[in-house]
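I would like the atomic coordinates for the input below:
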Amino acid sequence: MKLLANILLQLNFNDLQYSVDEVGRSIYSFPVHIRILIGVTILFMLIILILLAVIMGSRIFKTKRSNKKAELHKKYQPVFRNLIFEEALDRDKVLSMFDRIDLDTPFNRTTILDEIIHLHENFTGETAERLEEIYTFLEFEKDSMLKLKSKRWYIIAKGMKELAIMNVKSGYTEISTFLNSKNEILRMETRIALMKLSDTDPLAFLSKETEHLSDWDSANIYNMLTKMPEKMIPDFSNWLNSPNRDVVVFCIQMIGRFRQRESIKTLLVLLKSPDLRIKLCVIKALRELSATDGEEPLLEIYPLENLATKSEILKHLKS
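I've put the predicted structure just below:
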C-alpha cells in the first residue's frame, strides 16, 4: 500500500492529462473508418476480457463445488454405512451423526439429500426402507415438497422424483396438481410419481387426464405396470368412456396386452366408433385376445372400411 501511495504522489497529473489529450488528438487525425475500426477492436478486446473473467470465475466456482461435494461424500460415507446396518434407528441417533452446520447450509444439505437418493436407487428391501427412515428423520421431505412450489419445471420434477423414490405418500395430492401441466416432461414425471405412490389404484389419474398422451408416455406407463404385482393391474375397461381419446386408445391397447378377455364385449361395441385410431386398436386387441366372437362383427364392417382397416381385419381372421 505504501508503494502504491508513493507512485501516486510522484505522478504529474498535468503531464498525464497532456498525454491523454495528445493520444486523443492523434486518434481524431485518422480517417473516420480507421477510428471506427479502432473502436470496434477495443470493444472486442473488452468483451474478450470480460468473457475470460466469467469463464475463469465459473471454472473456479465449479471446482470449489466439486471439491466440497467430494469432501462431504468422504465425510458421510462411513456415517451412511453405519446407519444402514444399524439394528434400530431413532431420530436423535440419526441427527447426532450429522453436523448441524451441514444440515443448515443449503449446498451441503442438498448434497446429503442427493447422496441418500442415489443410495436408495441402488438398494432394495430393508436397506431402502432404512434410507427412507433417514430421509424422514432429517426432514428432507420438506425440501422435496418445497421444490414443488418452484417456478422452474425441472426443480418441480426433481421434487416429484424424490418424493416418489422415498415413498412419501403425503405428497400424492400436491403432485397430482401437475397432471395436466402444459409441460410434457412434467406431465410424464407426474404420472410416474403417482403410480409409485399409489397403494391400490396406480392408474387413478387417467380419470383426470385431459392432455395428450403420447406413445412415449404410454410406453412408460406400460413399463411400470409390468413391474407391479398382478393384483395392482386395474380393469382398463373403466376408462373406455373417457372423453380423452388418447386414454381410450391406451386402455384398449392394455386390454390386449394384459389379456383382459372379460372386456371383449365392450371392445366389440367400440368397433362402431367413427374414430379410425380407436377402431384399429380394437381390431389389434381382439387379435391379441384371440377373440373368435369378433369374427362375425369384423366381417360385417369389412366392406365399408379403408385399406388399413381391412388389412388389420384380415390379420385377425388369419390368426
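
After the longest helix along the chain, which helix or strand is next? Please name it.
Criterion DSSP state H: the longest helix present in the chain is helix 32-84. Using DSSP states H and E, the helix or strand that follows helix 32-84 in sequence is helix 91-96.

May I see the buried residues of that next one?
residue 94 (16 or more other Cβ atoms under 10 Å). C-beta: built from backbone N, CA, C; applies to glycine.

Which strands and helices lie in contact with that helix?
With contacts taken as 3 or more Cβ pairs under 8 Å, 6 or more residues apart in numbering; DSSP states H and E, helix 91-96 sits against helix 125-137.

Touching the helix or strand that the helix it packs on is followed by from outside, list them.
Per DSSP H and E, the first helix or strand lying C-terminal to helix 125-137 is helix 140-147. Outside helix 140-147, the residues that touch it by Cβ atoms under 8 Å, 6 or more residues apart in numbering are 109-110, 113, 116, 135, 155-156, 158-159, 162-163, 166, 168, 170-171, 174.

The helix or strand following helix 140-147 packs against which elements?
Moving toward the C-terminus from helix 140-147, the next helix or strand (DSSP H and E) is helix 153-165. Helices and strands touching helix 153-165, by 3+ Cβ pairs under 8 Å, 6+ apart, are helix 106-121, helix 140-147, helix 172-176, helix 184-197.

can you list these in a markdown table and add mean pLDDT, distance to residue 90 and mean neighbour count?
A markdown table is the format used below for the helices and strands packed on helix 153-165 (pLDDT from 0 to 100; distance: least, Cβ to Cβ, whole Å; neighbours: other Cβ atoms under 10 Å):
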| stretch | mean pLDDT | distance to residue 90 | mean neighbour count |
| --- | --- | --- | --- |
| helix 106-121 | 93 | 17 | 17 |
| helix 140-147 | 95 | 17 | 16 |
| helix 172-176 | 93 | 27 | 17 |
| helix 184-197 | 93 | 26 | 20 |
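
could you dump these to CSV with distance to residue 218?
What follows is the helices and strands packed on helix 153-165, written out as CSV (distance: least, Cβ to Cβ, whole Å):
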stretch, distance to residue 218
helix 106-121, 24
helix 140-147, 27
helix 172-176, 19
helix 184-197, 10
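
right, and those helices - which one's nearest residue 272?
helix 184-197 (30.2 Å; Cβ to Cβ).
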